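**Student:** 3D model of this:
(chains A, B, C and D)
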4 protein chains.
Amino acid sequence: MHELQINVRFGETDALGHINNTSYFIYLEEARVKYFETLGYSMDVKKWHFILASTKCDFLSQGYFNQILTVKTWVSRIGSKSFQLDHEIVCSRTNDLIARGHAIVVYFDFDKQESAVIPDLLREGLSE
Amino acid sequence: MHELQINVRFGETDALGHINNTSYFIYLEEARVKYFETLGYSMDVKKWHFILASTKCDFLSQGYFNQILTVKTWVSRIGSKSFQLDHEIVCSRTNDLIARGHAIVVYFDFDKQESAVIPDLLREGLSE
Amino acid sequence: MHELQINVRFGETDALGHINNTSYFIYLEEARVKYFETLGYSMDVKKWHFILASTKCDFLSQGYFNQILTVKTWVSRIGSKSFQLDHEIVCSRTNDLIARGHAIVVYFDFDKQESAVIPDLLREGLSE
Amino acid sequence: MHELQINVRFGETDALGHINNTSYFIYLEEARVKYFETLGYSMDVKKWHFILASTKCDFLSQGYFNQILTVKTWVSRIGSKSFQLDHEIVCSRTNDLIARGHAIVVYFDFDKQESAVIPDLLREGLSE
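**Tutor:** Numbers count the residues shown, from 1 in each chain, chains lettered A, B, ... in the order given. Now for the predicted structure:
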């Protein structure tokens, strides 16, 4: 399981005094980027391999400004050309569950502009 | 069905040249706000009634800077204390489907800090 | 003078209950885009002509969620390769001044990757 | 001088392939928050003491996705009820200057809803 620590920024809150729902998707995207780096992908925009097909977030309890959150990410399904990442966001201090999410990611060949079969090396990395 | 027109802002794109995934959730939130206004809710932060329990978005084709999008919103389920809104985001000019989403919204009593039964008047509005 | 109406989105506020300072720069960017369109620029990312060299905003009174704001934009200086836009953001209803800003914009040749002399047609447009 | 490291997030870029101008103000805000913490302020929204009166950023060279930036912050002026922070944003690896900014911050009494004289302890902290 991959873990990323996030410190909630002030601008990520809203007038209800908590983290705005859209900010959680910033955290999930950041967690995916950091996870992909651990698989050896350089996250160079000109050699991009991943397209987000779908993402979801359940908001279980409120998060707040300056809170330190841990975003946990793991692979829950590997298909032929796509895979699913599941996420949990917890308070790093109390371990309370704040949100739960997932993302369906398509492996993409940007030269051909179409989805492509996940190469073996990536499949091994995702399976670990 | 409620419709809201959105003009994609420059800062809502990312380095892949299209709308960043997190920006779609900005559009869905804006569509909910405008829909709630049609139900007679004033969207005053001090008299807030709605909590977002979950939201999801499927990204079906890419959207771009300065594109005019229509966010369609309708009620797909009404429960005792919550309801679901479904969304479609289409290109206003071509009517091409860009994204599909939903939101589960809980009716909330902020004084008691707990979910509450949807009042009759709201239930009628949601049913229309 | 160019005017753009903005409706403050919920996610543009922060936990202090007002518009977050970073959101004002979203409004100023949007106002520039719309102003450049009136000058005949298509705002196509592949034919981009303008680089932001500097921007500033003074926050004079607080703005709030769902408020309708008018962003006023005008040219205050035209140099050889750059020009300055001044902005005022007022409450559309009361005309109260919320913020005052400016932007220094460089005319840019993206093929050569360097600043370029403002062409006559643009200079005429900016002078009007 | 206070230093904060930032890792540029994907959603902070725009379709020109670089960091969007509005994202720099996110970094400056985050730097202020972290600087105020070093002065002993808890950054609790209910005990807030600082209001941003003005902020500016000069964009000197482009920044990119996943770049590690250092935001340098120091006090450049202390008045009776306000002070100025100056910022430089550099590439952490090459030390190249990316942006330069400043912020004018007003010490504020939220109970009385008015600006207040900077207390001695804060003045000492700012002077260090």
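**Student:** tell me which element the closest residue to chain B within chain A is part of?
**Tutor:** Closest to chain B within chain A is A:K56: 3.8 Å, counting by CB to the nearest CB. Backbone N, C-alpha and C define where each C-beta goes, glycine included. Using DSSP states H and E, A:K56 sits in strand A:50-59.
**Student:** could you list the buried residues of the helix or strand following that strand?
**Tutor:** Remark: after strand A:50-59, the chain's next helix or strand is strand A:68-78, criterion DSSP H and E. Buried residues in strand A:68-78, defined by neighbour count with 16 or more other CB atoms under 10 Å in any protein chain shown: A:L69, A:T70, A:V71, A:T73, A:V75.
**Student:** is the last one in a bridge, and if so with what?
**Tutor:** The bridge-partner assignment for A:V75, based on DSSP bridges, gives A:L85.
**Student:** quick revisit: need the contact list for the residue of chain A closest to chain B.
**Tutor:** Going by CB atoms under 8 Å, 6 or more residues apart in numbering or on different chains, A:K56 touches A:G101, A:H102, A:A103, B:S54, B:T55, B:K56, B:C57.
**Student:** quick one: the longest helix seen in chain A near chain D?
**Tutor:** Ranked by residue count, the top helix of chain A under DSSP state H comes out as helix A:21-38. Yes: Helix A:21-38 is in contact with chain D by CB under 8 Å from any CB of the partner chain, via A:I26, A:E29, A:E30, A:V33.
**Student:** name the nearest of the residues you listed relative to D:R9.
**Tutor:** Among these, A:E30 lies closest to D:R9 (CB to CB), at 5.5 Å.
**Student:** for that closest one, which non-adjacent residue is closest in space?
**Tutor:** If the residues on either side of it in the chain are set aside, A:E30 comes closest to D:R9, at 5.5 Å by CB to CB, 6 or more residues apart in numbering or on different chains.
**Student:** any idea how many residues pack against the one you found?
**Tutor:** 20 (other CB atoms under 10 Å in any protein chain shown).
**Student:** now do the phi/psi pair for A:E12.
**Tutor:** With angles defined as degrees, to the nearest 10, A:E12 sits at phi -90, psi 0.
**Student:** so what's A:S82 closest to, chain neighbours aside?
**Tutor:** Distance criterion CB to CB, 6+ apart; nearest residue to A:S82, sequence neighbours excluded, is A:V106 at 4.6 Å.
**Student:** and what of A:W48?
**Tutor:** Using CB to CB, 6+ apart and skipping the chain neighbours, the partner closest in space to A:W48 is A:F110 (5.8 Å).
**Student:** that neighbour: how many residues sit nearby?
**Tutor:** 14.
**Student:** ok, it to A:H49 distance?
**Tutor:** 8 Å (CB to CB, to the nearest Å).
**Student:** chain A against chain D: which residues are in contact?
**Tutor:** Selection of chain A residues close to chain D by CB under 8 Å from any CB yields A:9-11, A:13, A:17, A:26, A:29-30, A:33, A:43, A:45, A:65-66.
**Student:** mind picking the two most distant members of those?
**Tutor:** Taking CB to CB, the two most distant members of the residues of chain A next to chain D are A:G17 and A:V45; they sit 35.5 Å apart.
**Student:** ok so, going back, can I get the buried residues of strand A:68-78 in a markdown table including distance to D:E114 and pLDDT?
**Tutor:** Listed next are the buried residues of strand A:68-78 as a markdown table, based on distance: CB to CB, whole Å; pLDDT from 0 to 100:
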| residue | distance to D:E114 | pLDDT |
| --- | --- | --- |
| A:L69 | 35 | 98 |
| A:T70 | 40 | 98 |
| A:V71 | 40 | 98 |
| A:T73 | 46 | 98 |
| A:V75 | 54 | 98 |
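**Student:** nearest to chain D among the residues you listed?
**Tutor:** Closest to chain D, out of all of those and judged by CB to the nearest CB, is A:V71, at 12.6 Å.
**Student:** mind listing what that closest one touches?
**Tutor:** A:E3, A:L4, A:Q5, A:I6, A:Y27, A:L28, A:E30, A:A31, A:H87, A:E88, A:I89 are the contacts of A:V71 under CB under 8 Å, 6+ apart.
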